[in-house]
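**Student:** only geometry, no sequence info:
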């Protein structure tokens, strides 16, 4: 049970490049503007869901209570009625950097 700390966190994956400051602010603002039914805000770029996400206490609790065999995607989909998807104009939210070639593409602005 989460009984200490903050009411929300911005969660990202290690293999994702940093989104723009504007994207972070848009996600934060959307989360703060949401009602109690919104447990998380997920960025969406060209129809693809990405990272980072803003996860409220309820979603963090769902992640912590999920079976160890679950993925974050499983938890998100199980609680999809509590997730708000926010369209953003930032390809970094869906970019993966898994190989040296991906890193090179990121450096030249081609990563997606």
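**Tutor:** Ah, there it is. What you are looking at is a predicted structure, and each value in this text was computed from that prediction instead of being measured.
**Student:** got a list of contacts for the lowest-mean-pLDDT helix or strand in the chain?
**Tutor:** Within the chain, no helix or strand scores below helix 100-107, which has a mean of 80 by mean pLDDT, DSSP states H and E. Contacts of helix 100-107 with the rest of the structure, by C-beta atoms under 8 Å, 6 or more residues apart in numbering, involve 17, 95, 96, 97, 111. No exception for glycine: its C-beta is placed from N, CA and C like everyone else's.
**Student:** In it, which of the residues would be classed as buried?
**Tutor:** 102, 106 (16 or more other C-beta atoms under 10 Å).
**Student:** how far does it sit from the chain's center?
**Tutor:** Centroid separation between helix 100-107 and its chain, computed with C-alpha atoms, centre = their mean, to the nearest Å, is 22 Å.
**Student:** Number the chain from 21, please
**Tutor:** Taking 21 as the first residue, the last one we looked at is helix 120-127.
**Student:** Fine, thanks again, bye for now.
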